[in-house]
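A.B. asks: Have a look at this prediction, sequence included:
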Amino acid sequence: MVSNTSIRLVASLRSGKQRQKSDLYIVEGDKLVREYLDEGRCVKYLFATPLFLSSLSGQDVASAGRVTEVTDEELKQISSLTTPNSALALAEKREGSYNNSLFAGRLTLVLDNIRDPGNMGTILRLAAWYGIEQVICSPGCVDIYNPKVVQATMGALLHVTVNYHPLTEVLNDAAAGGTPVVATTLDGKPVYSEQLPASALILLGNESRGLSGELVPLVTDMVTIPMFGRGGSGIESLNVATAAAIIISEFMRDRQPSQQHGQP
């Protein structure tokens, strides 16, 4: 039975301030909760129906911290989903510290004021898919532990290290270490004709305003995804998550994956 204390705790974590204070965030949905449990860490509270609990291994239950069996109606009380599944978990936040020594020899994704939770979640999922281990967000980005972001990541937060840091410092550190900064813009060079570096910072700007003005002088290469259609009717640019998928794919074009995966 879910207690009033638990109901208040879950409700409080829809607030960014409370998430920061408690270091917990909400994970909803059978598949996503199961992935967190399979990872064997992070889950501190689990609220689940008897059927869901009966499907778990003893190891999964043991890794879940505090387990509360709930009815479908009780789950509806604490869920924000229109149609709740069978489980909701509270996981411990996993934030890495900024480390510019990780720039060398790899790709790092840098996000400038990405505000839409769906875009942020999709971009983090792309990072996990392509094996980009470090994502750096400007302080103005949406909170990655916002429930809508968590849903959109589809578990990527378990595999990608994300931290928030002033981007002028990040880009200056890249320059000091000789790491190029490649930004997506509307007036850059066509990405399909560019020889992209093996290691770089890939910089993506805000959904509506693009890159912050103070970052532009620190960019070493600007690329664009050329339009092949006629445009018009509001099609002047791509959604930032769509652009991220195309740009990252181009960076990965000549690389061999470490192992084969199924289709997304």
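C.D. replies: It's in. Note that the coordinates shown come from a computational prediction; the quantities given were computed from them, not determined experimentally.

A.B. asks: What pLDDT does the model give the residue nearest in space to the middle of the chain?
C.D. replies: Central residue of the chain (CA atoms, centre = their mean): residue 124, 2.9 Å from the mean position. pLDDT, residue 124: 97.

A.B. asks: contact partners of the host helix or strand of it?
C.D. replies: Assigned by DSSP states H and E, residue 124 belongs to helix 117-129. By CB atoms under 8 Å, 6 or more residues apart in numbering, the residues outside helix 117-129 that reach it are 109, 111, 114, 132-133, 135, 141-142, 144, 146, 148-157, 159-160, 162, 204, 207, 239-241, 244-245, 248, 261, 264. Glycine gets a C-beta too; all of them are placed from N, C-alpha and C.

A.B. asks: can you give me the helices in the chain?
C.D. replies: 4-12, 16-22, 30-39, 50-54, 58-62, 72-78, 117-129, 147-153, 167-176, 240-252 (DSSP state H).

A.B. asks: mind putting the ones you listed in JSON lines, distance to residue 191 included?
C.D. replies: Shown next, in JSON lines, are the helices of the chain (distance: least, CB to CB, whole Å):
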{"stretch": "helix 4-12", "distance to residue 191": "43"}
{"stretch": "helix 16-22", "distance to residue 191": "34"}
{"stretch": "helix 30-39", "distance to residue 191": "33"}
{"stretch": "helix 50-54", "distance to residue 191": "44"}
{"stretch": "helix 58-62", "distance to residue 191": "43"}
{"stretch": "helix 72-78", "distance to residue 191": "45"}
{"stretch": "helix 117-129", "distance to residue 191": "16"}
{"stretch": "helix 147-153", "distance to residue 191": "25"}
{"stretch": "helix 167-176", "distance to residue 191": "19"}
{"stretch": "helix 240-252", "distance to residue 191": "5"}
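
A.B. asks: Just give the number of residues close to residue 180.
C.D. replies: Residue 180 is flanked by 17 other residues according to other CB atoms under 10 Å.

A.B. asks: Show me where the chain dips below the pLDDT cut-off.
C.D. replies: Low-confidence segments of the chain, defined by pLDDT under 70: 230-236, 256, 258-264.

A.B. asks: domains of it?
C.D. replies: 4-92, 100-252 (automatic domain parsing).

A.B. asks: so how far is the shortest one off the chain centroid?
C.D. replies: Taking CA atoms, centre = their mean, to the nearest Å, the mean C-alpha location of domain 4-92 is offset from the chain mean by 19 Å.

A.B. asks: okay, how far is it across that domain, tip to tip?
C.D. replies: Distance between the two ends of domain 4-92: 21 Å, counting by CA to CA, to the nearest Å.

A.B. asks: same question, the last one
C.D. replies: End-to-end distance for domain 100-252: 21 Å, by CA to CA.

A.B. asks: 670 is where my numbering starts, stick with that
C.D. replies: With the count now opening at 670, the last piece we talked about shows up as domain 769-921.

A.B. asks: What lies in contact with the longest strand belonging to the chain?
C.D. replies: Ranked by residue count, the top strand of the chain under DSSP state E comes out as strand 850-859. Strand 850-859 is touched from outside by 779, 840, 843-844, 860, 865-866, 869-874, 879-880, 884-885, 887-895, 905-906, 912-913, 916, with contacts defined as CB under 8 Å, 6+ apart.

A.B. asks: buried residues in it?
C.D. replies: Residues of strand 850-859 classed as buried by neighbour count (16 or more other CB atoms under 10 Å): 850, 851, 852, 853, 854, 857.

A.B. asks: And the residues you listed, which is closest to residue 670?
C.D. replies: Using CB to CB, residue 853 comes nearest to residue 670 of the buried residues of strand 850-859, at 50.6 Å.

A.B. asks: and the closest one, how far is that from residue 691?
C.D. replies: Distance, residue 853 to residue 691, using CB to CB, to the nearest Å: 36 Å.

A.B. asks: Could you do residue 723 as well?
C.D. replies: 29 Å.

A.B. asks: which one of those two has more residues nearby?
C.D. replies: Using other CB under 10 Å, the more surrounded residue of residue 723 and residue 691 is residue 691, with 15 against 8.
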